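*Asks:* got a predicted structure plus its sequence, pasted below:
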Amino acid sequence: MADTHAKNHDYHILDPSPWPLIGSIGALIMAIGAIGWMQAGQGNEFSLLGIPMANPWTFLIGTLIVLYTMFGWWSDTVRESLQGHHTKVVSLHLRYGMIMFIASEVMFFVAWFWAVFDASLFFNEAQQVGRMEYTGGQWPPAGMEVLDPLHLPLYNTVILLLSGTTVTWAHHALLHNDRQGLKMGLWLTILLAILFTCVQVYEFVIAPYSFSESLYGATFFMATGFHGFHVFVGTIFLIVCLVRAYAGQFTPEKHFGFEAAAWYWHFVDVVWLFLFFVVYIWGTWGAPIYHH
């Protein structure tokens, strides 16, 4: 009776995996390397057990270990799916996991929006030492030129909204077993994502302010920079889905990997809409426009 139940239950018992341990070691090395790299940037010495860490190489080694862990762990997950181990219950729990991950990302961006609102609404806060002097009693700070929100930011908004429609097109094509439509939709979404990233990098280069010279620049680059990183991660996610689509690993009934990528991409779209209206429009209201 017990053996029969063990073979027919809806849960998949995972084989022993090295990835949690390897990933933890990689994350620890990456964190130590990041600390050492920042210390090196300030001209300080930093060593651990007599090994000099004030260089970027320790961080790079840790990053490579983490990336290797991600590749190996997700490859195992895909293999388990292809072997039929992802039952309805397992698939449901994978969806729960993705929802919780996106919820944690929402809270991550809430922190940066909090920083933007704190700086822009309380620019004359007496308890914040030097803030009044820094901002000149207004937001954006006195004498600061800002990017035109109706130029590159609006252009990028249109690009991301279009990418949201193309990834939805790809999803509907998959549901109707239209393989060509799936591939075309993914190709267009990836190209639009790359175009968005290129425009964002160009915008960062021509911005009339830097991260370190003002409170405005710090909040701007942290909020939009982290969003740009999420776009980069989402682009990799979509490229993996495109490779799997060409390999025929998605079916109309079973395609959670693609579904998770689409959820993530829509999340990136929504965050950008909030950034566009809060940082680029409301946050620049009344300031002189910088003309490059």
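*Replies:* Perfect, I can see it now.
*Asks:* which stretch of helix or strand covers residue 36?
*Replies:* Secondary structure here is read from DSSP states H and E; on that basis residue 36 sits in helix 19-41.
*Asks:* report the buried residues of that helix.
*Replies:* With burial defined by 16 or more other CB atoms under 10 Å, the residues of helix 19-41 counted as buried are 19, 22-23, 26, 29-30, 32-37, 39-40. Heads up, the C-betas are built off the backbone N, CA and C, glycines and all.
*Asks:* tell me the one of these nearest residue 175?
*Replies:* Relative to residue 175, the closest of the buried residues of helix 19-41 is residue 19; by CB to CB it sits at 31.6 Å.
*Asks:* for that closest one, which residues are in contact?
*Replies:* If a contact means CB atoms under 8 Å, 6 or more residues apart in numbering, then residue 19 has 69, 72, 73, 76 as its contacts.
*Asks:* so which of those residues sit within helices?
*Replies:* Of the positions in those, 69, 72, 73, 76 sit in helices, assigned by DSSP state H.
*Asks:* do I have it right that the first one meets residue 22?
*Replies:* Yes. In this structure, residue 69 sits in contact with residue 22. The criterion is CB atoms under 8 Å, and the distance is 5.1 Å.
*Asks:* between the two, which contacts overlap?
*Replies:* Once CB under 8 Å, 6+ apart is applied, it turns out that residue 69 and residue 22 contact no residue in common.
*Asks:* and the ones in helices among the contacts of residue 19, which of them are buried?
*Replies:* The buried subset of these - by 16+ other CB under 10 Å - is residue 69.
*Asks:* switch the ones in helices among the contacts of residue 19 over to CSV; also include distance to residue 281 and pLDDT.
*Replies:* Putting the ones in helices among the contacts of residue 19 into CSV (distance: CB to CB, whole Å; pLDDT from 0 to 100) gives the following:
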residue, distance to residue 281, pLDDT
69, 40, 96
72, 44, 94
73, 41, 92
76, 45, 91
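*Asks:* could you dump the ones in helices among the contacts of residue 19 into TSV with distance to residue 168 added?
*Replies:* Output for the ones in helices among the contacts of residue 19, formatted as TSV (distance: CB to CB, whole Å):
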residue	distance to residue 168
69	31
72	31
73	28
76	29
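*Asks:* for the ones in helices among the contacts of residue 19, which one is nearest residue 104?
*Replies:* Closest approach between these and residue 104, by CB to CB: residue 73, at 18.2 Å.
*Asks:* now the closest one. Nearest residue, chain neighbours left out?
*Replies:* residue 19 (4.2 Å; CB to CB, 6 or more residues apart in numbering).
*Asks:* pLDDT score for that neighbour?
*Replies:* Confidence at residue 19, expressed as pLDDT, is 94.
*Asks:* could you measure from it over to residue 124?
*Replies:* When distance is defined by CB to CB, to the nearest Å, residue 19 is 51 Å away from residue 124.
*Asks:* can you check residue 151 too?
*Replies:* As defined by CB to CB, residue 151 lies at a distance of 30 Å from residue 124.
*Asks:* scan this protein for its longest helix.
*Replies:* Longest helix in the chain, counting by DSSP H: helix 88-121.
*Asks:* all the strands of the stretch 101-250 of the chain, residue numbers only.
*Replies:* In chain order, the stretch 101-250 of the chain shows no strands, with DSSP state E, counting those that start in this stretch as the criterion.
*Asks:* in it, which ranges drop under the pLDDT threshold?
*Replies:* Residue ranges of the stretch 101-250 of the chain with pLDDT under 70: 125-129.
*Asks:* recalculate using a threshold of 90.
*Replies:* Counting by pLDDT under 90, the stretch 101-250 of the chain shows low-confidence ranges at 115, 118-145, 209-218.
*Asks:* related to what we said a few turns ago, nearest to residue 247, of the contacts of residue 19?
*Replies:* Distances from the contacts of residue 19 to residue 247 were compared by CB to CB; the smallest belongs to residue 76, at 16.2 Å.
*Asks:* just checking, the closest one touches residue 17?
*Replies:* Yes. Taking CB under 8 Å as the definition, residue 76 is a contact partner of residue 17 at 6.8 Å.
*Asks:* could you work out the most separated pair of the contacts of residue 19?
*Replies:* In these, two members sit farther apart than any others by CB to CB. They are 69 and 76, at 10.7 Å.
*Asks:* pick out the residue nearest the middle of this structure.
*Replies:* Residue closest to the average C-alpha location in the chain (CA atoms, centre = their mean): residue 230, at 1.7 Å.
*Asks:* what's around the closest residue in space to it that isn't next to it in sequence, how many residues?
*Replies:* Using CB to CB, 6+ apart and skipping residues adjacent in sequence, the residue nearest residue 230 is residue 268, 5.4 Å away. Applying other CB atoms under 10 Å, we find 23 residues neighbouring residue 268.
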